[in-house]
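>>> have a look at this fold, sequence not included:
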């Protein structure tokens, strides 16, 4: 299922959503190295690593080479000046491939503008960053010994998607299914997306599904008690627009 757009117009220009997308694109294409081994070295130097957040200190060479996390350093730290706590924020603006950043930013554009309008720019910025940190914390809690750098905005975006589910469950998401464009209620699309993360957990992949799950749940739990107040910012709640007919793509 590939989301194309949501049928949920906004009344404000989503400047913060655009700024976040622009920062991610800028970092990926102009700051991150694009070739190996420089890109891997960059991730170890800048991105969050569960072992580092568990022990509170940067990895040393044996931990990187062997992929094992030790409570005490056994050798020279490769990046002794790394701030392991700041890396949890930095990771949210790093991506592993062009496909990775394109899919993340596309999903963020679809769901972010409406959530930004509901939360307001300051509240949206805080929610986005907090969701990303919560997603990283959830991953670390379940994988405390992982020595693999964690990169991507997926956890923060999952938080935005969770907030969207609470705020606009009946609004449709125009979704590509096979050769058809089908409007699915957000509750169905996002519910399926959330459940699909557990299917990924049983597969051999590099997807940090735990971060997706914790980020999504954070967005839901944060937004639920605020729903009435947030929707009041948007004025009287209107019924969702009529569904589009099915289209065959070609």
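Cool, got the structure. Note that the structure is a prediction, hence the values are computed from the model and not measured.
>>> where are the low-confidence patches of this protein?
Scanning the chain for pLDDT under 70 picks out 73-75, 201-205, 236-250.
>>> one more time with 50, if that's ok
For the chain, the stretches flagged by pLDDT under 50 are 244-250.
>>> residue boundaries of the strands in the chain?
Remark: strands assigned in the chain by DSSP state E are 2-6, 48-49, 149-150, 172-177, 180-185, 247-248.
>>> those strands: which one's closest to residue 207?
Minimum separation from residue 207 across these (C-beta to C-beta) falls at strand 149-150, 11.0 Å. Every C-beta, even on glycine, is put in place using the N, C-alpha and C of the backbone.
>>> so what does that closest one touch, helix or strand wise?
With contacts taken as 3 or more C-beta pairs under 8 Å, 6 or more residues apart in numbering; DSSP states H and E, strand 149-150 sits against strand 48-49.
>>> residues in contact with the strand it packs on?
59, 84, 87-88, 90-91, 136, 140, 146-150 (C-beta atoms under 8 Å, 6 or more residues apart in numbering).
>>> residues contacting residue 41?
residue 33.
>>> hmm, try it at 10 Å
33, 64, 78-79 (C-beta atoms under 10 Å, 6 or more residues apart in numbering).
>>> among those, which two are most distant?
Across the contacts of residue 41, the longest distance by C-beta to C-beta is 17.0 Å; it joins 33 and 64.
>>> what about those two, which has more around it?
residue 64 (20 against 12; other C-beta atoms under 10 Å).
>>> if I read this right, the more buried one contacts residue 44, doesn't it?
Yes - look at residue 64 against residue 44 with C-beta atoms under 10 Å: they come within range, at 6.5 Å.
>>> shared neighbours, the two?
With C-beta under 10 Å, 6+ apart, residue 64 and residue 44 have common neighbours 58, 78-79, 147-148.
>>> go through the residues you listed and say which is closest to residue 10.
Out of the shared contacts of residue 64 and residue 44, the member with the shortest distance to residue 10 (by C-beta to C-beta) is residue 148, at 37.4 Å.
>>> the closest one and residue 50, how far apart?
Applying C-beta to C-beta, to the nearest Å, the value for residue 148 to residue 50 is 8 Å.
>>> report the central residue of this structure.
residue 154 (2.0 Å; C-alpha atoms, centre = their mean).
>>> mind listing what that one touches?
Counting by C-beta under 10 Å, 6+ apart, residue 154 has contacts 92, 95, 100, 103-104, 107-108, 132, 135, 161, 197, 207-209, 211-212, 215-216.
>>> over to residue 134?
Counted by C-beta under 10 Å, 6+ apart, residue 134 has contacts 155-156, 158-159, 211, 214-219, 221-222.
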